[in-house]
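Asker: For reference, the sequence and a predicted model appear below.
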Amino acid sequence: MSDDPLRLDNQVCFPLYAATNLLQRLYRPLLTPLGLTYSQYLVMLILWERAPVTVGEIGSCLHLDNGTLTPLLKRMERGGFITRSRDPHDERRVLIAPTPHGQGLREQALKIPDELARDIALAPEETETLRNSVVLLVHLLADDIARKKEAKDSAAVQ
């Protein structure tokens, strides 16, 4: 390995980026029969777990801002996967829930994790170790971003 700090092989971001792209390619043939993209699948996973949820809650789970999330949710609504409605207790909040069609996809999606696991040649304990490492990285990155935003907001107030 070279000491060049700008060498692609020396970057932490690159193998994560490449892995994400490759994972999405593996998911594509599994999600196509459901009519979902990978991003839409992630939204549906949240909804199948705990619908209805606010747009903000989805954004927080997926680490996406509203500018990215809103067009995705509008496409999902047009596709008949979700409903978007105002929270009757707080009109400022938009609640997202699966439609009957969207909820029905859950049964078909149950096979996806096992099919993906067969595609990836990792033992279950290796998969768990990798997942735990990546989850830790996500928490560290999210905490760092939150600290920087808080510092910036604090400086702007002064």
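Answerer: Noted; the coordinates are in hand. Numbering: from 1, shown residues only.
Asker: CA atoms for contacts and neighbours, from now on please.
Answerer: Fine.
Asker: report the longest strand in this structure, please.
Answerer: Using DSSP state E, we find that the single longest strand of the chain is strand 90-98.
Asker: helices and strands around that one, which ones?
Answerer: helix 38-50, strand 53-54, helix 55-62, strand 82-87 (3 or more C-alpha pairs under 8 Å, 6 or more residues apart in numbering; DSSP states H and E).
Asker: If you count neighbours, what's buried in it?
Answerer: For strand 90-98, burial by neighbour count (16 or more other C-alpha atoms under 10 Å) applies to Val94, Leu95, Ile96, Ala97, Pro98.
Asker: pLDDT averaged over that strand, what's the number?
Answerer: With pLDDT averaged residue by residue, strand 90-98 scores 94.
Asker: returning to that earlier point: export the helices and strands packed on strand 90-98 as CSV, with columns for mean pLDDT.
Answerer: Compiled in CSV, those are given as follows (pLDDT from 0 to 100):
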stretch, mean pLDDT
helix 38-50, 98
strand 53-54, 96
helix 55-62, 96
strand 82-87, 95
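Asker: For Ala123, find the nearest of these.
Answerer: helix 38-50 (23.5 Å; C-alpha to C-alpha).
Asker: Next, work out how far apart Leu130 and Arg75 are.
Answerer: Per C-alpha to C-alpha, to the nearest Å, Leu130 is found 32 Å from Arg75.
Asker: How about Ala123?
Answerer: Taking C-alpha to C-alpha as the measure, Ala123 falls 36 Å from Arg75.
Asker: How about residues contacting stretch 79-87?
Answerer: 73, 76-77, 92-103 (C-alpha atoms under 8 Å, 6 or more residues apart in numbering).
Asker: Name the residues of it that come out as buried.
Answerer: Phe81, Ile82, Thr83, Arg84.
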